[in-house]
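Visitor: Following is a predicted model, sequence given first.
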Amino acid sequence: MGRVTQTTGAVMADYSKQKSGTGVKGTPRHKEHNAPGSDKNPFGRPKPKAELVAKLAAAARKDDEKTGG
C-alpha cells in the first residue's frame, strides 16, 4: 500500500495509485459559448465589412451624442 521511509518509519501515501491526475494534454476543460464552428460563430462566414462599418458609425454617433460634440 504505502512506502515506509527509512528515517522515521512513517508510511507515505502512494499517489501513483490514485488515478486522479491531469486529463489528456491539450483538451479544453469546457466548451466556449462562441467557439469557432458553433451557431454563434460558424466556419466560413465572415461578417460583411459593410455591417462592421455601420456598427462602428453607430457607435461613433452614440459617443458624439453622449459627449455633446
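Guide: Arrived safely, thanks for sending.
Visitor: who's in contact with stretch 26-35?
Guide: Residues from elsewhere that reach stretch 26-35, judged by C-beta atoms under 8 Å, 6 or more residues apart in numbering: 38, 40, 41. Any C-beta I mention is one placed from the backbone N, CA and C, and that applies to glycine too.
Visitor: As TSV, those residues with neighbour count and pLDDT would be great.
Guide: TSV is the format used below for the contacts of stretch 26-35 (neighbours: other C-beta atoms under 10 Å; pLDDT from 0 to 100):
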residue	neighbour count	pLDDT
38	12	83
40	10	80
41	12	79
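Visitor: CA-only coordinates of stretch 27-46 in CSV, if you can.
Guide: Presented in CSV, the C-alpha positions along stretch 27-46 are these (Å, rounded to 0.1, in the frame of the first residue of the first chain):
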residue,chain,number,x,y,z
THR,A,27,-8.1,19.3,-24.2
PRO,A,28,-10.2,22.2,-23.0
ARG,A,29,-12.0,22.0,-19.6
HIS,A,30,-15.2,23.2,-21.1
LYS,A,31,-16.8,24.4,-24.3
GLU,A,32,-16.9,28.1,-25.1
HIS,A,33,-20.2,29.8,-25.9
ASN,A,34,-18.7,31.4,-29.0
ALA,A,35,-16.3,28.7,-30.1
PRO,A,36,-15.4,28.6,-33.8
GLY,A,37,-17.8,26.3,-35.6
SER,A,38,-20.7,26.9,-33.2
ASP,A,39,-24.0,28.5,-34.0
LYS,A,40,-22.8,31.9,-32.8
ASN,A,41,-19.5,31.7,-34.7
PRO,A,42,-19.9,29.4,-37.7
PHE,A,43,-17.0,28.5,-40.0
GLY,A,44,-16.6,30.1,-43.4
ARG,A,45,-19.0,33.0,-43.0
PRO,A,46,-17.1,36.2,-42.1
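Visitor: After the lowest-mean-pLDDT helix or strand in the chain, heading C-terminal, what element do we hit next?
Guide: Least confident helix or strand of the chain, by mean pLDDT, DSSP states H and E, is strand 3-4 with a mean of 60. Downstream of strand 3-4, the first helix or strand assigned by DSSP states H and E is strand 11-12.
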